[in-house]
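S.K.: Based on what follows, work out the 3D shape:
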Amino acid sequence: MSSPHPEVSVIVCAYTQRRWDDLTASVESAIAQPDTTEVILVIDHERELFERAAAAWPQITVVENASRQGLSGARNTGVELASGVIVAFLDDDATAGPGWLRAMLDCFDAADVVAVGGRANPVWPHGLPSVTLPPELLWVVGCTYRGQPTSREDVRNVMGCTMAFIRSPLVDIGGFNLDTGRVGQIPLGAEETEVCIRLRQANPATRIVFEPLSTVSHRVTPDRMTWRYLRRRSFFEGVSKAALSRSLGRGDALESESAYARRILPAGVIRELRQGRPLGAAAIVLSLGAAAAGLAYGTLLRASVAAPARTKMVAP
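M.R.: Now for the predicted structure:
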């Protein structure tokens, strides 16, 4: 692997051997990017997976999560070890396409850009899309959804499966909050939303950019295509946003979601009904209702994201 300036560290986090084939594709796609300086694979408290991965990829850095269990701690471990000026993140079930990294790096040519996100395309089981996940709901399975930009544009936050940051500002704010984000299969979220908001609050002059030319293929497993998962994931998204509202302010935490609920979702319901897809319309209504219930639940219980529980981060 070789890379021109700036140096780029690609970080992949993994927690289960059940995704081994996807993890293999993810790591190999990161290694294959011409602009990759180093790949860091962080294993989240799964010793057998760590030993297996270390044996499989002696040419990259394979480490165990040095922090509390969870995706945020694993990401922070990778950031701590990274030598690159830029740190890019790729999910263990996402495969980077050709030019994935270069398209994001081009955005950093603007000096005020601090973070960039790419497009995530779903890979459905047996190649068949779910009738209960219309385009507006693809965020439920970690993919780009209707309502996001279709060309390069400033956004509030990036999506976690494909994103890159200038390392130093990320370190300055303490990295990802250990009190947010997914732990194993518990479908909490919003850790990348929170870190993007904190970056902007720390320096309002900075920009966060969505670049759809940077693409990954993101695996969707059958268990994430059920009504139960849709309801549960949407509910916990509401809980997460209630916590962010208390921590970072309701305006920053819910600005994008409010516009999405007012404009994008009603239009999706109407389209699904007109095109004879009542299950799609029902799914949108269910997701919106579950998210609203989660938001109310989190608010009533005074759910909050504490001040970030941070490990001390230092420049390499």
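S.K.: Kindly tell me how buried the closest residue to E48 other than its chain neighbours is, as a neighbour count.
M.R.: Beyond its immediate neighbours in the sequence, the residue positioned closest to E48 (CB to CB, 6 or more residues apart in numbering) is Q17, lying 6.6 Å away. Backbone N, C-alpha and C define where each C-beta goes, glycine included. If you count neighbours by other CB atoms under 10 Å, Q17 ends up with 13.
S.K.: got a list of what Q17 touches?
M.R.: Residues touching Q17, when contacts are defined by CB atoms under 8 Å, 6 or more residues apart in numbering, comprise E46, E48, L49, R52.
S.K.: From T24, how far out is it?
M.R.: 11 Å (CB to CB, to the nearest Å).
S.K.: How about E80?
M.R.: Shown here: E80 relative to T24, a distance of 25 Å by CB to CB.
S.K.: go on, S217?
M.R.: Here S217 is placed at a distance of 14 Å from T24 (CB to CB).
S.K.: do L128 as well
M.R.: Note on L128: its distance to T24, by CB to CB, is 24 Å.
S.K.: out of the two, which sits in the more crowded spot?
M.R.: T24 (15 against 8).
S.K.: Correct me if wrong: that one contacts A56.
M.R.: Yes. With the criterion set as CB atoms under 8 Å, T24 and A56 qualify as a contacting pair; they are 7.5 Å apart.
S.K.: Where does pLDDT dip in the stretch 151-300 of the chain?
M.R.: 181-189, 250-251, 253 (pLDDT under 70).
S.K.: what about 90?
M.R.: Low-confidence regions of the stretch 151-300 of the chain, defined by pLDDT under 90, span residues 177-191, 239-259, 298-300.
S.K.: Derive a ChimeraX selection command for the buried subset of the contacts of Q17.
M.R.: Buried members of the contacts of Q17 can be picked out in ChimeraX with the line below, counting by 16 or more other CB atoms under 10 Å:
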select :46,49,52
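S.K.: Next, the contact list for A291, please.
M.R.: If you count contacts by CB under 8 Å, 6+ apart, then A291 has S234, F235, E237, G238, K241 around it.
S.K.: What separation is there between the last one and R198?
M.R.: In other words, K241. Relative to R198, and taking CB to CB, K241 is found at 15 Å.
S.K.: neighbour-wise, which of those two wins?
M.R.: When K241 is set against R198 and neighbours are counted by other CB under 10 Å, the residue ahead is K241, at 24 against 21.
S.K.: show me the contacts for that one.
M.R.: K241 is in contact with A190, A253, L254, E257, A291, G294, L295, G298, counting by CB under 8 Å, 6+ apart.
S.K.: again, but for S29
M.R.: When contacts are counted by CB under 8 Å, 6+ apart, S29 touches L90, T95, A96, G97, W100.
S.K.: R47 too?
M.R.: Contacts of R47 (CB under 8 Å, 6+ apart): E64.
S.K.: and the residue sitting nearest the centre point of the chain, how far is that from F89?
M.R.: Among the residues of the chain, G160 comes closest to the average C-alpha position under CA atoms, centre = their mean, at 1.1 Å. Relative to F89, G160 is positioned 7 Å away (criterion: CB to CB).
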